[in-house]
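In: Predicted structure and sequence below. I'll ask about it afterward.
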Amino acid sequence: MSTVLECIEQNSHETQRLVDLKYEQLEQLISEAIALHKLTGYYRHLIFDF
């Protein structure tokens with residue numbers, strides 16, 4: 001996973017405070033970031049692995 005995502009997960013309370021999100025909103029943001037990371041990795045595989 002990306003370093004930014006790991007940082008957010010390891011420091012969730014600080015991240016939550018900095019971006020002013022409720023915990024549930026922060027969880028949703030992390031989930032969407034993970035899904036996007038997986039999706040872009042999937043498409044990168046399709047484009048470059050011919």
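Out: Ah, there it is. Treat the numbers as computed from the prediction; the structure is a model and nothing was measured. Numbers count the residues shown, from 1 in each chain.

In: Quick one: the helices in the protein, in order.
Out: Secondary structure of the chain, counting by DSSP state H: helices at 3-10, 12-19, 23-48.

In: now the ones you listed as a markdown table including mean neighbour count?
Out: Any C-beta I mention is one placed from the backbone N, CA and C, and that applies to glycine too. Converted to a markdown table, those look like this (neighbours: other Cβ atoms under 10 Å):
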| stretch | mean neighbour count |
| --- | --- |
| helix 3-10 | 12 |
| helix 12-19 | 12 |
| helix 23-48 | 11 |
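
In: now those helices in a markdown table, with mean pLDDT?
Out: Listed next are those as a markdown table, based on pLDDT from 0 to 100:
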| stretch | mean pLDDT |
| --- | --- |
| helix 3-10 | 77 |
| helix 12-19 | 82 |
| helix 23-48 | 76 |
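
In: so Leu29 sits right up against Tyr23, yeah?
Out: No: counting by Cβ atoms under 8 Å, Tyr23 is not a contact partner of Leu29; they are 10.6 Å apart.

In: can you tell me which residues contact the most centrally placed residue in the chain?
Out: Centroid check for the chain by Cα atoms, centre = their mean gives Ala33 as the closest residue, at 2.8 Å. By Cβ atoms under 8 Å, 6 or more residues apart in numbering, the contact list for Ala33 reads Leu5, Ile8.

In: And it, how far from Asn11?
Out: 14 Å (Cβ to Cβ, to the nearest Å).

In: One more: Ile30?
Out: Taking Cβ to Cβ as the measure, Ile30 and Asn11 are separated by 12 Å.

In: same question, Leu39
Out: 25 Å.
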